[in-house]
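Student: Mind folding the following:
(3 chains)
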Amino acid sequence: MISRDDVAHVARLARLRLEEAEADRVTAELARILEHIDKIGELDLTGVEPTAHVLAVADVLRADKPRPSLSRGDALRNAPAVSADCFRVPRIQS
Amino acid sequence: MSEWEPVIGLEVHVELDTETKMFCGCAVTKGDPPNTHTCPVCLAHPGALPVVNERAVEYAARIALALGCEVRPRSIFHRKNYFYPDLPKAYQISQYDEPLAVGGSFDYWVGDQKLSCRINRVHMEEDAAKLIHAGGETGRIAGSDYSMVDFNRGGTPLIEIVGEPDIPSPEAAREFLQQLRNLIVGLGVSECNMEEGQIRWDANISVRPAGSDRLGTRTELKNMNSFRFLQQALESELPRQVAILEAGGTIDQETLHFDPETGTTTPLRSKEEAHDYRYFPEPDLVPLTADEAWVDKVRQDLPELPAARVERFMSQYGLSRYDATVLGGGSTMARFYEDVVAEGVDAKLAANWTMGEYSAHLNAAGLDPGHGHVTAARLAALLRLVADGEVSGTAAKQVFALMIEERAEPRDVVTRHDLGQVSDTAELEAVVASVIAAHPAQVEQFRAGKEQVAGFFVGQVMRATQGKANPQLVSELVRTALTG
Amino acid sequence: MTAGLDPLRLTARDARRLLTDGEIAASELVKTYLDQIARVEDRVHAFVLVTADNAAKYATEIDQEAGATRGALAGLPTAIKDNMVTEGVTTTCGSRILGNYQPVYTATAVRRIWGDHIVMLGKSNLDEFAMGSSTENSAFGPTRNPWDLSTVPGGSSGGSAAAVAAGEALWALGSDTGGSIRQPAALCGVVGMKPTYGAVSRYGLIAFASSLDQIGPLTRTVYDCALLLRGITGHDPCDSTSIALPGEIELPAAERLDGLRFGIPTEYVSTGIEPGVLERFEQTVTLIEELGATCVEISLPHTEYALPAYYIIAPAEASANLARFDGVRYGYRSPHAGDLTEMYEATRGEGFGAEVKRRIMIGTYALSSGYYDAYYGQAQKVRTLVRRDFDTAFAQVDLIVSPTSPTVAFGLGSRTDDPLAMYQSDICTIPVNLAGLPAISIPCGLAGHLPVGFQIMGPAYSENLLLAAAHALEGAIGFDALPTFADSSAGARGADRR
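Tutor: Purely as a prediction, here's the structure:
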């Protein structure tokens, strides 16, 4: 089933910091939920097409004509940090 | 190196010159102040949704058809998930296992040799935003204190062209890219401006024993923004791999960065783990269908492709393959050349001048074909003057240079600078006579049997007339005077 | 002035008539609801934000408009679930991670009814990111059920349902991904409808599960539901998954069900439905027959796989939809962070609540390398089978019925330690989300002192048939009980209900 390491790996993929206790709890919860979800493994689904789109619609396209953009003020309005009219983020440790 | 053969695969990204972004109506622009072309969609605000740009699909199909790909009857978009500040949704809308087109090939020339590279797929996606790193010495991530994001570019339509690892050498890689670029520019879908990053590529490189068909471990090269750097980087990386393998080692699959200063490749400090992109079909978009009628129409509307044009130039204008490739490989040069010929100029003469003086001018001025300071019409006018004998071939070069400087019509330049060809027999006979009189020694040589000395006298007459004398007439008159 | 408007009884239909006849003013109408909010909101907590001043001001402006220039829904006091962005009005999605987010645009569905001059009373409470069945997952405290303040109103549109039930709004908009309109409607004794997928634009609806989410109405009556639905439906070029319904939404008038065939899926009535709920359900089925319709047993054989499939698909899509909440462009950014990765992890770790994190984890896991085929891939195939079950059934019957929720409102805190138990609340509602089909819940009686909901499901694009049938049935049921705002937690819950 799902291990503590799996949980740590998934949390990293999802950029979620989990405290120790939280991670333990989440592991137990996920294990139970996955047990329930695993039920779908009972079905033999060979030959069944997956439904990616429930609508029978295709080819929704937009004409290549410019529409008004946000003002810079509106674009940056909610920014947690701004520098030189750009969104500022902490150093990207490479 | 000869027991080993290079195996090179290129993945090319091309930014399209549509008016708006791939999934929203913000304008695609260059050089505007940061964050002035954004909207809830390309800023990934909560609740925002993508809508596909019709023209981007058409342009993508053009590229696919020009590469001989099959445009698939149905294609869908996928989400490619990862976190990075230049990716506002934390996923890129791209295509995965149901892309727009698959299975083509691109023929290209390396010298006289025609090579073919299979094309695995052509698909659509959106470009990331622009990241600027601040606080470090070099403007790169390493050593930076913080970074800044400008979302103007984010969402620009991007076409990915994936080639199979069929490229056999660094030179071939360079030619492949150069000619692919010409093809795409000729389709009118992108200017492929390299300084602006409108065309970018990653190279996958490995080596294998010559004649083998197994693939070795490959490394990936990123961050080359010129064809020259690509060739250099490959020329550095290939021997490095060979050396390792010959010493009994193994190649690490890693991503390398090319430093043009030192001319070497170094591994990028490997990221935490290889990305798990967790691709799944994009639920906010519906499938695209491409029926035969639409595909045929796109195919019919394709402009003449470079390969076909080169063949046509060879047969229509009697050019060698080399000349036909120089003149016909790129659409803007081809157009210029044909405009000159259309004005009634002999094809070979036009070819010589276009590849000669005109190209030299473009290189010196740093301009693109068709954007020089001499239009096709004016070059044609000059060449007609030459053909009519009004200007000598030699003087024409001077005239051309002055046409550039003065942005003037050839006839005006000729008149203003008195560069018209002198064909007045009487006038020239006088000059011939004086030249002959001034060089009795050479006259003796000629009379002694050295026929080629006649050329010396012709040269002297040309000098005396500042190159304006009609060379054929001078030649005749000199012979007559010497033998008479 | 009319003799006292009763917010617990007034319908939009009547309010509209009173307004157009000039018998009441919009400002009076809005004041009625604002007064009710003042009276009960501290107990119910249906709203994250009450925009009282703007509402009063706007109502006055409407009164000054000549009748001819007023919008079709002018003056009608509305609550909007706080997962629909409203330009200039803080939108929280029930979460801390949106911080003080001020939307720079408005959701299409909301913009359409603003265009009809409805009066927005405020943004209603919800489970964080619409993930939940009780509204206990809101970062701003739970909403309480006006029928018994010790119980939940259901979720995730619990605030909207409670507001309508409590007379704090004439009607409301909610959203439904796995039952989030219908289940709270059932638990709060009001009408709630999820339209056919695509019928209402999702542009501006903060996405939970893109292929399942739909906006829909919560109202006192089926007629009101049709009226509000009409205001929000329509193709939207900003939403590639939006469609135009084949015809106009009709305001229902049917009183009989003659000639209609109803199907009762055995799988729905055998899965742990509470006795009181089952009893009300069966009584309502009898009424259907009395109204001239036939009821037959049908089978939707893959029903038991719908819940697990949903709990793969919805979290998977959500894990990608919620990845944009990364502290870069808006919302909360953790102050406890050195570099970018730390910023991402701390922001999201601190900003998201427990249920949201659980679902992001499940979703990420289900999509991750090596697991995609077994989970997401498999679930999408189950989805095909669930849809096929419905298609087959609808060849036999016109409409399908079931209890909306297996239980009545459960006690606050009674399921919060057991996510799986909470997920079971949705077993009757989830399948139509997977299939993209429309469904409506109407109150059909009480079990003890708590309301029971009756669900009717229809084929795609059958909104008018659904509304007509629901309207007729509503008339026959004659549900007229009112919430008492009592709190039974003084005594024991559950078995001890009066």
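Student: where do the helices sit along the stretch 201-350 of chain C?
Tutor: C:222-232, C:266-269, C:275-290, C:303-321, C:340-351 (DSSP state H, counting those that start in this stretch).
Student: What ranges does the stretch 351-484 of chain B have for its helices?
Tutor: Listed in chain order, the helices of the stretch 351-484 of chain B (DSSP H, counting those that start in this stretch) span B:359-365, B:376-387, B:393-406, B:410-417, B:425-438, B:440-447, B:453-464, B:471-483.
Student: Mean neighbour count added to the helices of the stretch 201-350 of chain C, as CSV?
Tutor: The way it works is simple: take the backbone N, C-alpha and C, and place the C-beta from them, glycine included. Below are these laid out as CSV (neighbours: other CB atoms under 10 Å in any protein chain shown):
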stretch, mean neighbour count
helix C:222-232, 25
helix C:266-269, 18
helix C:275-290, 17
helix C:303-321, 26
helix C:340-351, 22
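Student: In a markdown table: these, plus mean pLDDT.
Tutor: Shown next, in a markdown table, are these (pLDDT from 0 to 100):
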| stretch | mean pLDDT |
| --- | --- |
| helix C:222-232 | 98 |
| helix C:266-269 | 94 |
| helix C:275-290 | 98 |
| helix C:303-321 | 97 |
| helix C:340-351 | 97 |
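Student: shaky segments in chain B?
Tutor: B:1, B:223, B:269-274, B:484 (pLDDT under 70).
Student: which bits of it sit near chain C?
Tutor: B:40, B:43-52, B:79, B:81, B:83, B:85, B:88-91, B:147, B:149, B:276, B:278-280, B:283-286 (CB under 8 Å from any CB of the partner chain).
Student: Could you rerun that using 6 Å?
Tutor: B:40, B:43-44, B:46-47, B:49, B:51, B:79, B:81, B:83, B:85, B:89-91, B:276, B:278, B:280, B:283-286 (CB under 6 Å from any CB of the partner chain).
Student: Out of the residues you listed, which are close to chain A?
Tutor: Among the residues of chain B next to chain C, chain A is touched by B:51, B:83, B:85, B:286 when using CB under 6 Å from any CB.
Student: thinking again about what came up before, please pick the buried ones from the residues of chain B next to chain C.
Tutor: B:40, B:43-44, B:46-47, B:49, B:51, B:79, B:81, B:83, B:85, B:89-91, B:276, B:278, B:280, B:283-286 (16 or more other CB atoms under 10 Å in any protein chain shown).
Student: Parallel or antiparallel, list what pairs with the helix or strand hosting B:Gln92.
Tutor: Assigned by DSSP states H and E, B:Gln92 belongs to strand B:91-94. Within its sheet, strand B:91-94 is paired with strand B:78-81 (antiparallel), according to DSSP bridges.
Student: contacts for the partner strand?
Tutor: The contact list for strand B:78-81, computed with CB atoms under 6 Å, 6 or more residues apart in numbering or on different chains, reads B:91-92, B:94, B:96, B:277-282, C:320.
Student: what's the following helix or strand after whichever helix in chain B runs longest?
Tutor: When chain B is parsed with DSSP state H, its longest helix is helix B:227-246. Remark: after helix B:227-246, the chain's next helix or strand is strand B:255-259, criterion DSSP H and E.
Student: which helices and strands does that following strand pack with?
Tutor: Under the contact criterion of 3 or more CB pairs under 6 Å, 6 or more residues apart in numbering or on different chains; DSSP states H and E, strand B:255-259 touches strand B:219-222, strand B:264-267.
Student: switch the cut-off to 10 Å
Tutor: strand B:199-209, strand B:219-222, helix B:227-246, strand B:264-267 (3 or more CB pairs under 10 Å, 6 or more residues apart in numbering or on different chains; DSSP states H and E).
Student: ok, residues contacting it?
Tutor: If you take CB atoms under 10 Å, 6 or more residues apart in numbering or on different chains as the criterion, strand B:255-259 is touched by B:140, B:202-203, B:205, B:219-225, B:229-230, B:232-234, B:236-237, B:240, B:264-271, B:274.
Student: Find the closest residue to chain B in chain A.
Tutor: Nearest residue of chain A to chain B (CB to the nearest CB) works out as A:Arg67 at 3.0 Å.
Student: Phi, psi for that residue please.
Tutor: Main-chain dihedrals, A:Arg67, degrees, to the nearest 10: phi -120, psi 160.
Student: give me the number of residues near it?
Tutor: Residues within reach of A:Arg67, counting by other CB atoms under 10 Å in any protein chain shown, total 11.
Student: What sits closest to it if chain neighbours are left out?
Tutor: B:Gly25 (3.0 Å; CB to CB, 6 or more residues apart in numbering or on different chains).
Student: ok, how many other residues are close to B:Ala396?
Tutor: 23.
Student: now B:Asp213
Tutor: 6.
Student: hmm, back to that, A:Leu61 versus the residue of chain A closest to chain B, what's the distance?
Tutor: 15 Å (CB to CB, to the nearest Å).
Student: And for B:Glu444?
Tutor: From B:Glu444 to A:Leu61 the distance is 86 Å (CB to CB).
Student: more crowded one of those two?
Tutor: Set B:Glu444 next to A:Leu61 and count neighbours by other CB under 10 Å: A:Leu61 wins out with 16 against 11.
Student: doesn't B:Met22 make contact with that one?
Tutor: No - under the criterion of CB atoms under 10 Å, A:Leu61 makes no contact with B:Met22, lying 11.5 Å away.
Student: Overlap in contacts, those two.
Tutor: Listed as contacting both A:Leu61 and B:Met22 by CB under 10 Å, 6+ apart are B:51-53, B:56-57.
Student: so the residue nearest to C:Thr241 when sequence neighbours are not counted is in which element?
Tutor: With CB to CB, 6+ apart as the criterion, C:Thr241 has its nearest non-adjacent residue at 5.5 Å, and that residue is C:Gly198. Per DSSP H and E: C:Gly198 is located in neither a helix nor a strand.
Student: so the closest residue to A:Ala23 other than its chain neighbours, which of the three states?
Tutor: Take A:Ala23 and drop its neighbours on the chain: the residue closest to it by CB to CB, 6+ apart is A:Val7, 5.7 Å away. Each residue gets one of three states, and A:Val7 gets helix by DSSP: H, G, I helix; E, B strand; the rest coil.
Student: Next, count neighbours for A:Val7.
Tutor: The burial count for A:Val7: 22, using other CB under 10 Å.
Student: From C:Ile273, how far off is it?
Tutor: Per CB to CB, A:Val7 is found 35 Å from C:Ile273.
Student: Provide a list of residues in contact with C:Ala109.
Tutor: Neighbours of C:Ala109 in contact, by CB under 10 Å, 6+ apart: C:80, C:84, C:173, C:175, C:200-205, C:214-216, C:228, C:231-234, C:236, C:239.
Student: If I follow the layout properly, C:Ile430 ends up in contact with C:Leu212?
Tutor: Yes - under the criterion of CB under 10 Å, C:Ile430 makes contact with C:Leu212 at 8.8 Å.
Student: if we can go back for a sec, and of the helices of the stretch 201-350 of chain C, who's closest to B:Glu357?
Tutor: helix C:340-351 (54.6 Å; CB to CB).
Student: Which elements pack onto whatever helix or strand comes next after the closest one?
Tutor: The element immediately downstream of helix C:340-351 (helix or strand, assigned by DSSP H and E) is helix C:354-367. Under the contact criterion of 3+ CB pairs under 10 Å, 6+ apart, helix C:354-367 touches helix A:4-13, helix A:20-37, strand B:78-81, strand B:280-281, helix C:303-321, helix C:340-351, helix C:419-423.
Student: How is the residue nearest to B:Ala307 when sequence neighbours are not counted classified with respect to secondary structure?
Tutor: Spatial nearest neighbour of B:Ala307, chain neighbours left out: B:Asp107 (6.0 Å); criterion: CB to CB, 6+ apart. Secondary structure state of B:Asp107, per three-state DSSP, is strand.
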